[in-house]
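In: Fold the following.
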Amino acid sequence: LPIIQIGSDGGLLAQPVTHGTLDIAPAERFDVVIDFTRYAGKELTLVNQLGSGSTAVVMRFRVGGAVPDDSHVPASLSDVPRMDRAQAEVVRDFRFLRGPKEWGINGDAFDPMHPIATPRLGACEIWRFVTDFHHPVHLHLVPFQVLSRNGHAPLPTDGGWKDTVDLRPAELAEVIVRFTDYRGRYVLHCHNLEHEDMAMMATVTVV
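Out: Model prediction:
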C-alpha cells in the first residue's frame, strides 16, 4: 500500500514523495497520506519490520464502506527553498563515537558549560556527522537540510526541513544549517534513548 509523504520534521515538503516503507528513527516525524479506497471492508495492519513480538505490530485499520471522495494530493505542496553549500561560512565535523567508558561527540563527554561549537547568529554552516554506530542525530530548535550521505545524494526520506538525520553505522551525512532565532545555548545529541542516557550530547552556543 503506497505511503505518500507530504511533510517531514519541519513542515510540508515541496512535492509529495511516495514510499513503499518508511525508515523512522527516534525524533523523526513524517506526515503521510494513505488511500484506502481499494480496501473497503478489509483490515490492514501497520507493522514494524524491525520489531519482535508485540513491538512488530503497530496499528490495525478496519476499512469501512466506500464513500464519495474527490480529494487529491497536489503535485506542489510548499515553497521550500534549497540552501546552497556556497552560502556556508564554516564546515564543522561532529563524530558520534563509543568510548571504553562513555559515549561522546568528538571524543568529549557532555559538558553543558563548554559548547562544542559557537556559530554566529545569522550564519550558515555545513555540519558533517560521522558515526560508528546507529545514531539519529537531533538538533534542538533549528531546522536544517540534508546535503549528502557518504558523498552521494540524500535519501528520499531526507527531504524538506529536518531537525533529525538518521545515520547508520560508519555513515557520514552533511547538513546545512542557519541559526536565525536567538543567541544562546542549543542542544545537539543522539536521540536513541540509551545513548542519551549515556550523555551522547553537546551544547551549541550561538553568539
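
In: was I right about residue 103 contacting residue 200?
Out: Yes: counting by Cβ atoms under 8 Å, residue 200 is a contact partner of residue 103 at 4.2 Å. Bear in mind the C-beta positions are built from the backbone N, C-alpha and C, glycine included.

In: Compare neighbour counts for the two and give me the winner.
Out: residue 200 (26 against 23; other Cβ atoms under 10 Å).

In: Which residues are in contact with that one?
Out: Taking Cβ atoms under 8 Å, 6 or more residues apart in numbering, we find residue 200 in contact with 96, 103, 104, 105, 110, 135, 189, 190.

In: again with residue 189
Out: Shown in contact with residue 189 (Cβ under 8 Å, 6+ apart): 137, 138, 195, 196, 200, 201, 202.

In: what distance separates the host helix or strand of the fourth one from the middle of the whole chain?
Out: Assigned by DSSP states H and E, residue 196 belongs to helix 193-197. Per Cα atoms, centre = their mean, to the nearest Å, the displacement of helix 193-197 from the mean C-alpha position of its chain is 17 Å.

In: likewise stretch 174-194?
Out: 12 Å.

In: before we move on, what about stretch 164-178?
Out: 9 Å.

In: Check which residues of that stretch are buried.
Out: Neighbour-count burial for stretch 164-178, counted by 16 or more other Cβ atoms under 10 Å, picks out 164, 165, 166, 167, 171, 173, 174, 175, 176, 177, 178.

In: Could you double-check that the first one sits in contact with residue 140?
Out: No: with contact defined as Cβ under 8 Å, residue 164 and residue 140 do not form a contacting pair (10.3 Å).

In: quick one: the residue minimising distance to the centre of the chain and residue 131, what's the gap?
Out: By Cα atoms, centre = their mean, the chain has its centre lying nearest to residue 164, at 2.9 Å. Here residue 164 is placed at a distance of 13 Å from residue 131 (Cβ to Cβ, to the nearest Å).

In: any low-confidence regions in the protein?
Out: Flagging of the chain using pLDDT under 70 yields the residue ranges 100-101.

In: can you name the farthest residue from the center of it?
Out: Centroid-distance maximum for the chain: residue 65 at 36.1 Å, with Cα atoms, centre = their mean.

In: residue contacts, residue 7?
Out: Taking Cβ under 8 Å, 6+ apart, we find residue 7 in contact with 13, 29, 30, 31, 160.

In: quick check, nearest of those residues to residue 49?
Out: residue 30 (15.5 Å; Cβ to Cβ).

In: just the strands in the protein please.
Out: Secondary structure of the chain (DSSP state E): strands located at 3-8, 11-19, 31-33, 43-47, 57-62, 90-98, 103-105, 124-131, 135-139, 144-149, 164-167, 172-178, 184-190, 201-206.

In: Lovely, talk soon.
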